[in-house]
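K.L.:
here is a sequence together with a model predicted from it:
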Amino acid sequence: MSCEKYSLRISRIVLLKAWKRSINTWKAPLTMLFSAMISKSSSQPKPTNSAL
């Protein structure tokens with residue numbers, strides 16, 4: 001039983017590491033995309049402001 005628990009813990013750790021790695025690989029392009037969207041929206045005059 002202790003051996004099964006140990007293997008379960010290891011598999012969980014490996015899964016967590018892989019998940020974090022995949023998130024890190026996606027994080028850079030996502031942040032770049034978000035910053036580009038934010039800069040675009042801030043540079044363009046907002047329709048709500050022009051309507052008021």
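P.N.:
Received the coordinates, thanks. No experiment lies behind these values; they were computed from the predicted model shown.
K.L.:
scan this structure for its longest helix.
P.N.:
The single longest helix within the chain, with elements called by DSSP state H, is helix 2-43.
K.L.:
now do the buried residues in stretch 26-44.
P.N.:
When burial is assessed from 16 or more other C-beta atoms under 10 Å, stretch 26-44 yields no buried residues. Every C-beta, even on glycine, is put in place using the N, C-alpha and C of the backbone.
K.L.:
for it, the averaged confidence score.
P.N.:
Stretch 26-44 comes out with an average pLDDT of 85.
K.L.:
got the contact list for it?
P.N.:
Outside stretch 26-44, no residue is within contact range by C-beta atoms under 8 Å, 6 or more residues apart in numbering.
K.L.:
can you show me the CA trace of it as PDB?
P.N.:
The C-alpha trace of stretch 26-44 is given here as PDB (Å, rounded to 0.1, in the frame of the first residue of the first chain):
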ATOM      1  CA  TRP A  26       1.800  29.300 -23.300                       C
ATOM      2  CA  LYS A  27       2.300  32.300 -20.900                       C
ATOM      3  CA  ALA A  28       4.800  34.300 -23.000                       C
ATOM      4  CA  PRO A  29       2.800  34.400 -26.200                       C
ATOM      5  CA  LEU A  30      -0.400  35.000 -24.300                       C
ATOM      6  CA  THR A  31       1.100  37.900 -22.300                       C
ATOM      7  CA  MET A  32       2.400  39.400 -25.600                       C
ATOM      8  CA  LEU A  33      -1.000  39.100 -27.200                       C
ATOM      9  CA  PHE A  34      -2.700  40.700 -24.200                       C
ATOM     10  CA  SER A  35      -0.200  43.600 -24.100                       C
ATOM     11  CA  ALA A  36      -0.700  44.100 -27.800                       C
ATOM     12  CA  MET A  37      -4.500  44.200 -27.400                       C
ATOM     13  CA  ILE A  38      -4.200  46.600 -24.400                       C
ATOM     14  CA  SER A  39      -1.900  49.000 -26.300                       C
ATOM     15  CA  LYS A  40      -4.300  48.900 -29.300                       C
ATOM     16  CA  SER A  41      -7.400  49.600 -27.200                       C
ATOM     17  CA  SER A  42      -5.600  52.400 -25.300                       C
ATOM     18  CA  SER A  43      -4.200  54.000 -28.500                       C
ATOM     19  CA  GLN A  44      -7.600  54.000 -30.200                       C
END
